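Engineer: Provided below are the primary sequence and the corresponding predicted coordinates.
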Amino acid sequence: MAWLLVVVAGLLETGFAVCLKLSHGFTRLWPTVAFCAFALGSFGLLTLSLKKLDVGPAYAVWTGIGATGTAIYGMVFLNDVVSTLKLVSISLVIVGIIGLQLSGSSQ
């Protein structure tokens with residue numbers, strides 16, 4: 001259950017990163033409100049998961065999911081540049097996330 005919280009927290013991290021861009025420096029109301037909601041949810045779930053998991057692997061998985069999700073979202077919806085190197089790098093992050101999850105606490 002704790003790893004599920006980390007995964008959901010990582011997905012919420014993607015949401016707050018995207019909303020941070022869409023807020024244009026916190027000058028747009030609804031993206032700013034969404035940023036706050038996603039950030040609170042993400043940090044809250046990560047905090048709950050850390051009651052059961054080791055901080056290193058849990059934090060790395062949370063960050064990896066957020067970074068990967070944000071990069072993919074940017075390429076698909078925000079016209080970020082897509083390159084072979086970027087796709088390979090994202091794949092390596094995903095492999096790292098899986099490895100860290102498997103090496104972390106089994107709870």
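Structural biologist: On my side now, so go ahead.
Engineer: only C-alpha atoms for contact and neighbour calcs from this point on.
Structural biologist: Noted.
Engineer: Going along the chain, name the strands of the chain.
Structural biologist: Read by DSSP state E, the chain holds no strands at all.
Engineer: Low-confidence bits of it, can you list those?
Structural biologist: 104-107 (pLDDT under 70).
Engineer: List the buried residues of the longest helix belonging to it.
Structural biologist: Counting by DSSP state H, the longest helix found in the chain is helix 55-77. Using 16 or more other Cα atoms under 10 Å as the test for burial, helix 55-77 gives 55, 57-73.
Engineer: which ones are touching the most centrally placed residue in the chain?
Structural biologist: Nearest residue to the geometric centre of the chain (Cα atoms, centre = their mean): residue 66, 1.6 Å. Residues near residue 66 by Cα atoms under 8 Å, 6 or more residues apart in numbering: 10-14, 17.
Engineer: The residues you listed, buried ones only, as a ChimeraX selection?
Structural biologist: Those of the contacts of residue 66 that count as buried under 16+ other Cα under 10 Å are selected in ChimeraX with:
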select :10,11,12,13,14,17
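Engineer: Just give me the closest of the contacts of residue 66 to residue 100.
Structural biologist: residue 10 (14.0 Å; Cα to Cα).
Engineer: tell me the contacts of the closest one?
Structural biologist: 42, 61-66.
Engineer: go again using 7 Å as the cut-off
Structural biologist: Neighbour list for residue 10: 42, 62-63, 65-66 [criterion: Cα atoms under 7 Å, 6 or more residues apart in numbering].
Engineer: Contacts only, for the residue nearest to residue 35 when sequence neighbours are not counted.
Structural biologist: Using Cα to Cα, 6 or more residues apart in numbering and skipping the chain neighbours, the partner closest in space to residue 35 is residue 16 (4.5 Å). Applying Cα under 7 Å, 6+ apart, we find residue 16 in contact with 35, 38-39.
Engineer: Dump those residues to CSV, plus distance to residue 2 and neighbour count.
Structural biologist: As requested, the contacts of residue 16 are exported to CSV (distance: Cα to Cα, whole Å; neighbours: other Cα atoms under 10 Å):
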residue, distance to residue 2, neighbour count
35, 23, 25
38, 19, 22
39, 18, 21
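Engineer: From these, which land in helices?
Structural biologist: 35, 38-39.
Engineer: ok, so of the contacts of residue 66, who is nearest residue 25?
Structural biologist: Scanning the contacts of residue 66 for proximity to residue 25, where the rule is Cα to Cα, the winner is residue 17, at 12.0 Å.
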